[in-house]
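> Here is my input, please return the structure:
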Amino acid sequence: MKSTPIKPDKFRARIMDLMLDAIEKNFGLLEEMKSEYTEAEWRVLINSLKFEGVHEAIDSARIAVELLYDKWDDIVDLEDYLASGDWQKDYEAEERGELSKDIPKDVLSQDALYNDLADLDDVLKDMRRLLRHCKAGKKKETKE
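A predicted model of the protein is given here:
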């Protein structure tokens with residue numbers, strides 16, 4: 001079962017809402033809490049909350065990029081397989097019962113290969129958008 005990915009902007013907003021809810025539940029209303037701290041203390045508190053999970057997010061991104069690098073040649077070959085018409089021929093051969101029952105046929109699943117390649121395209125677009133924002137030194141714009 002494939003889960004629907006959460007859009008990064010919605011995920012970030014959800015996490016921030018949860019963090020603020022947790023602060024309010026544990027420490028009272030945010031404005032009341034803020035008045036108890038100096039400006040420096042408040043900045044450290046807020047930025048410490050923002051820092052939570054950053055290391056894990058970076059490590060996860062590094063692992064994901066390495067996985068894509070490791071599979072890149074296979075991905076390109078699969079794109080060629082789908083685009084060449086060979087996938088369609090093999091699918092039809094399987095439908096006619098011409099392929100051995102002993103070989104895996106996961107690649108012939110009706111939409112799985114196409115959907116995975118489309119998902120990869122979406123991920124790469126998101127990565128390019130993130131890179132543009134990083135180069136520009138801007139916060140990521142949220143789109144609702």
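> going forward, measure contacts and count neighbours with C-alpha atoms only.
Will do.
> Kindly list the longest helix within this structure.
Counting residues, the longest helix found in the chain (DSSP state H) is helix 54-84.
> just how off-centre is that one within its chain?
12 Å (C-alpha atoms, centre = their mean, to the nearest Å).
> avg pLDDT for that helix?
The pLDDT scores in helix 54-84 average 95.
> which residues are contacting the helix or strand just after that helix?
Downstream of helix 54-84, the first helix or strand assigned by DSSP states H and E is helix 86-95. By C-alpha atoms under 8 Å, 6 or more residues apart in numbering, the surrounding residues in contact with helix 86-95 are Y81, L82, L99, L108.
> Is it possible to get those out as JSON lines so that each row also shows neighbour count and distance to L124?
What follows is those, written out as JSON lines (neighbours: other C-alpha atoms under 10 Å; distance: C-alpha to C-alpha, whole Å):
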{"residue": "Y81", "neighbour count": "13", "distance to L124": "20"}
{"residue": "L82", "neighbour count": "17", "distance to L124": "19"}
{"residue": "L99", "neighbour count": "14", "distance to L124": "34"}
{"residue": "L108", "neighbour count": "16", "distance to L124": "24"}
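> Now tabulate these in CSV and tack on distance to M33.
Converted to CSV, those look like this (distance: C-alpha to C-alpha, whole Å):
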residue, distance to M33
Y81, 60
L82, 58
L99, 68
L108, 58
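> returning to that earlier point: in the longest helix of the chain, what counts as buried?
Within helix 54-84, the residues that count as buried by 16 or more other C-alpha atoms under 10 Å are I75, L78, L82.
> Nearest to R129 among these?
Taking C-alpha to C-alpha as the measure, R129 lies nearest I75 of those, at 21.4 Å.
> roughly how far apart are that closest one and L117?
Separation of I75 from L117 (C-alpha to C-alpha, to the nearest Å) stands at 8 Å.
> count of neighbours near G97?
10 (other C-alpha atoms under 10 Å).
> For it, grab phi and psi.
phi 80, psi 20 (degrees, to the nearest 10).
> what about S100, which SS state?
For S100, the secondary-structure state derived from DSSP: H, G, I helix; E, B strand; the rest coil is coil.
> Many thanks, we can stop here.
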